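[1] just the structure for this:
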Amino acid sequence: MCGIFSYIRITACALLLAICLCGCGVPSRQTGDAIKGDTIVMQYAGLLKMVDCDSFTVADVKNPWGQGLLQRYLLVPRSAPLPRNLPRGTVLRTPLDNLLVFSAVHAHLLYGIGASASIGGVCDSRYMLSPFVHEGISRGTIVDCGSTLNADVERVVQLSPSAIFVLPFENGGYGKIESLPYPVVECAEYMESSPLAAAEWMRFYGRLVGRASAADSLFSAVCSNFEQLRSIVSDTLQRPSLLCELKSSSAWYMPAGGSTMGQMYPMAGADYLFSYCEGSGSVPLSFETVLSRAANADVWLIKYNSDSDKSYSSLLADFGGYAHFAPFEERNIYACNTGKKPFYEETPFRPDLLLRELVAIFHPQLLPSYKLRYYEKLQE
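    Predicted coordinates for the structure are as follows:
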């Protein structure tokens with residue numbers, strides 16, 4: 001990406017910053033000693049624990065793929081001196097600013113809690129739909145640092161972020177940025193076991209950027225909305241049978257029953273026909289398996305990313321087997337073009353918005369005035 005002289009210059013700059021940077025922390029993957037203080041009660045999150053101590057806050061992120069901790073973060077106010085009694089961990093001087101954010105999900109969340117000004121740079125901006133990101137890039141207040149898989153190291157060093165928000169993967173690394181002297185915040189909420197558990201991580205991110213009250217209030221509203229929606233659906237006797245997604249190459253990847261979507265469909269009052277599939281991700285199934293179980297489904301939900309919207313004719317052109325499903329014949333397919341709709345940006349931290357959408361599709365009589373936000377009836 002850079003010439004040899006540019007690379008040497010960047011490396012030298014990084015080493016100088018490493019020497020000057022105070023309290024950048026130690027890579028964790030550790031068991032974590034017990035911390036004395038006031039535990040911040042988490043209602044749903046199982047992978048995150050926060051404890052308020054006298055002069056700092058400890059945030060422990062459990063390793064979703066094994067024992068011990070993925071990371072321990074030590075949140076120390078920038079206005080205060082660095083405490084001498086800090087345990088081992090990654091020090092974050094809060095409120096963080098000039099952040100480098102790898103994910104559209106976290107950029108949108110920071111905007112939602114009033115902390116968009118804390119974002120100094122992003123990666124994969126072409127996949128971000130949030131207008132404020134592109135406006136910031138145009139004005140020069142947000143730096144486009146290239147791809148998450150191959151970040152522009154020179155731009156990252158010039159940005160000198162206070163921290164980098166990344167999505168962790170099992171046995172995965174972060175490429176060239178791992179050699180740079182900036183704290184990495186591993187955003188592991190997507191590995192939580194339920195929609196509200198994942199959403200509760202906003203309380204951690206709010207504390208990182210000085211918006212704790214705003215994040216706590218938003219999460220409280222999300223929970224209230226979510227439970228209210230579940231309540232109005234609980235008494236419905238008719239549950240439409242549900243098919244979802246599209247065939248991809250030789251397999252049809254269906255959300256497992258323990259996945260976020262696999263849990264949301266029954267909560268919204270649908271009979272999800274593949275809830276029996278075990279796991280928390282997607283399960284590859286053959287076309288024959290899907291057809292034998294879901295040929296007579298009542299509703300079909302699909303998501304795709306395209307510059308142009310799909311139609312019944314384009315689906316048929318993609319794969320003629322779709323015509324064998326009742327929702328295709330009866331024109332009861334709802335589609336979400338994620339290249340145009342902020343489905344993936346909004347719903348991880350706003351599962352209440354997604355639940356409302358699904359309830360309106362499965363039981364429109366319960367929300368007669370609701371206008372669909374993500375899905376729309378597939379056109380001819």
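
[2] ok, and what's touching the longest strand along the chain?
    The strand that spans the most residues within the chain, counting by DSSP state E, is strand 69-77. When contacts are defined by CB atoms under 8 Å, 6 or more residues apart in numbering, strand 69-77 is touched by residues 23, 25, 28-32, 47, 55-64, 82-83, 86-94, 168, 185-186, 188, 207-208. In this view, the C-beta of every residue, glycine as well, is placed from N, C-alpha and C.

[3] give me the buried subset of those.
    Buried members of these, scored by 16 or more other CB atoms under 10 Å, are 25, 28, 30, 32, 47, 56-64, 86, 89-94, 168, 185-186, 188, 207-208.

[4] point out the ones among these that are inside strands.
    Using DSSP E, the buried ones among the contacts of strand 69-77 in strands are 57-62, 90-94, 185-186.

[5] host element of residue 302?
    Assigned by DSSP states H and E, residue 302 falls within strand 299-304.

[6] can you show me the CA trace of that strand as CSV?
    Output of strand 299-304 as CSV, limited to C-alpha atoms (Å, rounded to 0.1, in the frame of the first residue of the first chain):
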residue,chain,number,x,y,z
VAL,A,299,-44.9,-15.4,4.9
TRP,A,300,-41.4,-15.2,3.4
LEU,A,301,-38.8,-12.6,4.5
ILE,A,302,-35.7,-11.9,2.4
LYS,A,303,-32.7,-9.6,2.8
TYR,A,304,-30.2,-8.8,0.1
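
[7] what about the following helix or strand past it, distance to the chain center?
    Moving toward the C-terminus from strand 299-304, the next helix or strand (DSSP H and E) is helix 312-318. From the chain centre to the centre of helix 312-318 is a distance of 31 Å (CA atoms, centre = their mean, to the nearest Å).

[8] the strands in the stretch 251-380 of the chain, which residues?
    251-255, 271-272, 282-285, 299-304, 333-337, 376-377 (DSSP state E, counting those that start in this stretch).

[9] what's the closest of the ones you listed to residue 141?
    The minimum distance between residue 141 and these falls on strand 333-337, with 29.1 Å, by CB to CB.

[10] tilt between that closest one and strand 299-304?
    In terms of direction (axes from the mean of the first three to the mean of the last three CA atoms, to 10 degrees), strand 333-337 departs from strand 299-304 by 20 degrees.

[11] and the longest helix for this protein?
    When the chain is parsed with DSSP state H, its longest helix is helix 212-234.

[12] ok, and what's touching it?
    Helix 212-234 is contacted by residues 43, 112-115, 195-196, 199-200, 202-203, 205-207, 267-269, 349-352, 355-356, 359, 363, 366 when judged by CB under 8 Å, 6+ apart.

[13] compute the inter-axis angle for that helix and strand 90-94.
    Using the same axes, to 10 degrees, helix 212-234 lies at 100 degrees relative to strand 90-94.

[14] now mean pLDDT and distance to residue 313 too, for the strands of the stretch 251-380 of the chain, in TSV please.
    As requested, the strands of the stretch 251-380 of the chain are exported to TSV (pLDDT from 0 to 100; distance: least, CB to CB, whole Å):
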stretch	mean pLDDT	distance to residue 313
strand 251-255	97	21
strand 271-272	98	28
strand 282-285	97	25
strand 299-304	98	15
strand 333-337	98	12
strand 376-377	98	15
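
[15] using CSV, lay out the ones you listed together with distance to residue 141 and mean neighbour count.
    Shown next, in CSV, are those (distance: least, CB to CB, whole Å; neighbours: other CB atoms under 10 Å):
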stretch, distance to residue 141, mean neighbour count
strand 251-255, 38, 21
strand 271-272, 43, 20
strand 282-285, 37, 17
strand 299-304, 32, 20
strand 333-337, 29, 21
strand 376-377, 34, 12
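
[16] contacting residues around the residue nearest to residue 305 when sequence neighbours are not counted?
    Once flanking residues are discounted, residue 305 sits nearest to residue 339: 4.2 Å by CB to CB, 6 or more residues apart in numbering. By CB under 8 Å, 6+ apart, residue 339 lies in contact with 304, 305, 306, 307.

[17] chain center to stretch 38-48, what's the gap?
    Using CA atoms, centre = their mean, the offset of stretch 38-48 from its chain centre is 18 Å.

[18] return the distance of the longest helix of the chain from the chain's centre.
    For helix 212-234, the distance to the chain centre is 18 Å (CA atoms, centre = their mean).

[19] C-alpha coordinates for that helix, PDB please?
    The C-alpha trace of helix 212-234 is given here as PDB (Å, rounded to 0.1, in the frame of the first residue of the first chain):
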ATOM      1  CA  ALA A 212     -23.400   7.200  30.200                       C
ATOM      2  CA  SER A 213     -26.700   8.800  31.100                       C
ATOM      3  CA  ALA A 214     -27.800   9.100  27.500                       C
ATOM      4  CA  ALA A 215     -26.900   5.400  26.800                       C
ATOM      5  CA  ASP A 216     -28.600   4.200  30.000                       C
ATOM      6  CA  SER A 217     -31.700   6.100  29.100                       C
ATOM      7  CA  LEU A 218     -31.800   4.800  25.600                       C
ATOM      8  CA  PHE A 219     -31.300   1.200  26.700                       C
ATOM      9  CA  SER A 220     -34.200   1.600  29.300                       C
ATOM     10  CA  ALA A 221     -36.400   2.900  26.500                       C
ATOM     11  CA  VAL A 222     -35.400   0.000  24.200                       C
ATOM     12  CA  CYS A 223     -36.300  -2.500  26.900                       C
ATOM     13  CA  SER A 224     -39.600  -0.900  27.700                       C
ATOM     14  CA  ASN A 225     -40.600  -0.800  24.000                       C
ATOM     15  CA  PHE A 226     -39.400  -4.400  23.500                       C
ATOM     16  CA  GLU A 227     -41.400  -5.800  26.400                       C
ATOM     17  CA  GLN A 228     -44.500  -3.800  25.400                       C
ATOM     18  CA  LEU A 229     -44.400  -5.300  21.900                       C
ATOM     19  CA  ARG A 230     -43.900  -8.800  23.300                       C
ATOM     20  CA  SER A 231     -46.900  -8.300  25.500                       C
ATOM     21  CA  ILE A 232     -49.300  -7.300  22.800                       C
ATOM     22  CA  VAL A 233     -48.200 -10.300  20.700                       C
ATOM     23  CA  SER A 234     -48.400 -12.800  23.600                       C
END
